[in-house]
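>>> One predicted model, sequence on top.
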Amino acid sequence: MLAAAENWHKGFRETMGLLLESIGQKMPGEVKTPIYQNSFMAKLEIYQDYVKNWLSPSMDNTLNDRKLYELMTMDSKYSNLAKNDAASPEYLQEKIGMPYYPMAPFILERLFSIYCNNNRINVTQL
């Protein structure tokens, strides 16, 4: 999952590495169970821990660290992969205020997988 992300979004590993470092976590070589969704179900205590100790600090650090902010908002090159109207610079500028998809959603989409991996949480895919 992480190798594919670097292939699709150049700079992914550097960005994820800096983000994880900013919250005191390690970047795995790869994750045991990839979760390619922004939607998932988790036990309440797992989700609360993730939000409190990983997601919220990641967002705060992104806003407060210039280098991390620059990396999280750089062009993910997703438009090169998508090739549809929703990937046009004009459409994106109108909808999200940037002419490209930033790296942040692709980083944060994979953050929960790393959380589960680093905390050795069993994951079941339905």
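Looks like it arrived, so ask away.

>>> Could you look up the SS state of the nearest residue to Met16 once chain neighbours are set aside?
Nearest non-adjacent residue to Met16, counting by Cβ to Cβ, 6 or more residues apart in numbering: Ile107, 5.5 Å away. Just so you know, the C-beta spots here come from the backbone N, C-alpha and C atoms, and that holds for glycine as well. The three-state label given to Ile107 by DSSP: H, G, I helix; E, B strand; the rest coil is helix.

>>> can you pull the contacts of Ile107?
Applying Cβ atoms under 8 Å, 6 or more residues apart in numbering, one finds that Ile107 lies in contact with 12, 15-16, 19, 72.

>>> go with 7 Å
Taking Cβ atoms under 7 Å, 6 or more residues apart in numbering, we find Ile107 in contact with 15-16, 19, 72.

>>> How about stretch 86-105, which residues are buried there?
For stretch 86-105, burial by neighbour count (16 or more other Cβ atoms under 10 Å) applies to 92, 100-104.

>>> Span of that stretch from start to end?
Length of stretch 86-105, first residue to last, Cα to Cα, to the nearest Å: 15 Å.
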